[in-house]
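1. Need coordinates for the below:
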Amino acid sequence: MILADTDVLIDYLRGHGPAADRIALELEHGLATTVVSAFELWAGSLGSGRRERAVQSLLGALRIVPLDEESSRMAAEVRHQLQARGRTLAMADALIAGICIQSGAVLLTRNTRHFQDIPRLALGGLGPV
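-> Got it, this is the predicted structure:
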């Protein structure tokens, strides 16, 4: 399963670059995202009817993978391991990583720099941001 990170979904909504093209291709084959990315998309769209409709349409075409107890534990472990090595990771990114690891998914992102040092996380990167 391929899980799209928020950044590439935003690129798709804006019609920007190779990420938009890749998302369009993956949508034909059954693409997923996390509930965290769904939240981030909604948070960025509220107040604009046009953006809200675009987000609703996109999320309707995706499988939304939830945050459950095991993936939340995995996210906490990821964050703890990185902090022990002097690295910080935003909570949203830790949650996304935990969901991906728990579900055995590949994370499609442009933010490879944020996720590259996470053990057991498979990345389908589109280049650094």
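2. hmm, who's touching the helix or strand of the chain with the lowest mean pLDDT?
-> Ranked by mean pLDDT, DSSP states H and E, the weakest helix or strand in the chain is strand 122-125, scoring a mean of 84. The contact list for strand 122-125, computed with C-beta atoms under 8 Å, 6 or more residues apart in numbering, reads 2, 100, 105-110, 112, 115-116. Placement of C-beta: from N, CA and C, glycine included.
3. Counting neighbours, which of these comes out on top?
-> residue 100 (31 neighbours; other C-beta atoms under 10 Å).
4. got the contact list for the closest residue to that residue other than its chain neighbours?
-> Closest residue to residue 100 apart from its sequence neighbours, by C-beta to C-beta, 6 or more residues apart in numbering: residue 107 at 4.7 Å. Going by C-beta under 8 Å, 6+ apart, residue 107 touches 3, 5, 96-97, 100, 115, 121-124.
5. and after the helix ranked longest in the chain, which helix or strand comes next?
-> When the chain is parsed with DSSP state H, its longest helix is helix 69-84. Going down the chain from helix 69-84, the next helix or strand is helix 91-103, by DSSP states H and E.
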